[in-house]
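In: generate a structure from the sequence data that follows.
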Amino acid sequence: MANYYTDQPEIAFHLEHPLMKRIVELKERNYADKDKYDDAPVNYEDAIENYKRILDITGDVAANIIEPNSEAVDLEGPHLIDNRMHYASKTYENLDATRKAGLWGVSMPRQYGGLNLPNVVFSMLSEMISSADGGFQNIWSLQSCIDTLYEFGNDEQRAKYIPRICNGETMSMDLTEPDAGSDLQRVMLKATFDEKENCWRLNGVKRFITNGDSDIHLVLARSEEARTTVADCLCLSTTSATEVLMCAI
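Out: All right, here's what the predicted structure looks like:
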C-alpha cells in the first residue's frame, strides 16, 4: 500500500537535523508532560518515534484517501447551496479522514487536545498532504491560525477555541483587502471597541479570503491608527455558522 512518508525517505531527513534535539526539548519543555498525559514522550528518542508514527499515519491518509479523491474534488469543486459555500463531497471525506486520524490542532498543547508537534514536523505533514492535494492542504494547514490565539489570547479564549480546532473545525486568516492586498502594514479595516455592548465593531472590507467559509475566522484589523504590531486577539462575534476572532494591529 502506498504511503507518502515511507515512499519518500527524503522527508525523514528533517528528523536527523543536528538542531532537532534542541527543538524537541523546547517544544516538550524538557518533557514536562510525561507524568500528565499517556501520549507524552519521556525523552528525545520517544518523541522522535512518536513523530514517525504520526508521519506514517499522515502518509497513509495522504496516499490512499486524499490523493485518490483529488480529481473528483477538482471536477466538482466548491459550490453555493442556499447562499452558503459547500465543499466538494470528497473534500468532506478528506476532512473526516484527517479528523479520525487526529491530525488537527497538531501544534497545540496537549491540555487542549493537541499533539504538541514542533513546526518542523507540522511542515513535514503539510508537505505530504500538499503532494496529495494542494487545495486540501490549504484548508487543512490553516489550522495553524490558532497559533495566534494561543500566543496572544487570554485563558478563557484559549479554552473556548483551541479544543474546537483540535477536534477538526476549520479556520481562515482574513487578511487581504482591495487596496492592501496581503500587505499587513497597509490593512485599513477599522476595529472599534463598543463599551456598551462589550464587543468589537468592524468597518471596512476584506476580500479574497482563503477558506472564507470556515468555522472560525482570524480577522486582522487596525484598532489604532499608528499601531503596526500584533497586540492581542479577541473574540468579536458569532455569525450564523461562523466564529470570528479579531487580531488588532
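In: can you list contacts of whatever helix or strand Val61 lives in?
Out: Assigned by DSSP states H and E, Val61 falls within helix 44-61. With contact meaning CB atoms under 8 Å, 6 or more residues apart in numbering, helix 44-61 is reached by 1, 3-8, 11-12, 15, 20-21, 24-25, 28, 31, 39, 41, 97-98, 101-103, 106, 115, 117, 121, 124-125, 128-129. Using the backbone N, CA and C atoms, a C-beta is placed for each residue, glycine as well.
In: hmm, which of the residues you listed are the buried ones?
Out: 3-6, 8, 11, 15, 20, 24, 28, 31, 41, 97-98, 102-103, 106, 115, 117, 121, 124-125, 128-129 (16 or more other CB atoms under 10 Å).
In: apart from its neighbours in sequence, what residue is nearest Met108?
Out: Gly114 (2.8 Å; CB to CB, 6 or more residues apart in numbering).
In: in stretch 69-89, what counts as buried?
Out: Neighbour counts over stretch 69-89 (16+ other CB under 10 Å) mark Asn69, Ser70, Val73, Tyr87, Ala88 as buried.
In: thinking again about what came up before, on the three-state scheme, the residue nearest to Met108 is what?
Out: Assigned with DSSP: H, G, I helix; E, B strand; the rest coil, Gly114 falls in the coil class.
In: relative to Leu149, how far out is Arg158?
Out: The gap separating Arg158 from Leu149 is 7 Å, by CB to CB, to the nearest Å.
In: one step back: what residues are up against the residue nearest to Met108?
Out: Gly105, Val106, Ser107, Met108, Ile162, Cys166.
In: ok, back up a step: just put the buried residues of stretch 69-89 in a markdown table and tack on distance to Leu220 and pLDDT.
Out: Formatted as a markdown table, the buried residues of stretch 69-89 follow (distance: CB to CB, whole Å; pLDDT from 0 to 100):
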| residue | distance to Leu220 | pLDDT |
| --- | --- | --- |
| Asn69 | 32 | 98 |
| Ser70 | 31 | 98 |
| Val73 | 28 | 97 |
| Tyr87 | 24 | 95 |
| Ala88 | 28 | 97 |
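In: show me which of those is closest to Leu184.
Out: Sorting the buried residues of stretch 69-89 by how near they are to Leu184, with CB to CB, puts Tyr87 at the top with 27.9 Å.
In: please pull out the lowest mean pLDDT helix or strand from the chain.
Out: Within the chain, no helix or strand scores below strand 232-238, which has a mean of 40 by mean pLDDT, DSSP states H and E.
In: contacts only, for the residue nearest the centre of the chain.
Out: In the chain, the residue lying closest to the centroid (CA atoms, centre = their mean) is Gln143, at 1.1 Å. When contacts are counted by CB under 8 Å, 6+ apart, Gln143 touches Trp104, Gly105, Val106, Ile165, Thr170, Met171.
In: please narrow those residues to those residing in helices.
Out: Residues of the contacts of Gln143 located in helices (DSSP state H): Ile165.
In: just the buried residues of the contacts of Gln143.
Out: Trp104, Gly105, Val106, Ile165, Thr170, Met171.
In: residue boundaries of the helices in the protein?
Out: 20-27, 44-61, 67-76, 89-100, 119-132, 134-141, 146-152, 155-166.
In: Asp194: which of the ones you listed is closest?
Out: Ranking those by their distance to Asp194 (criterion: CB to CB) puts helix 155-166 first, at 18.0 Å.
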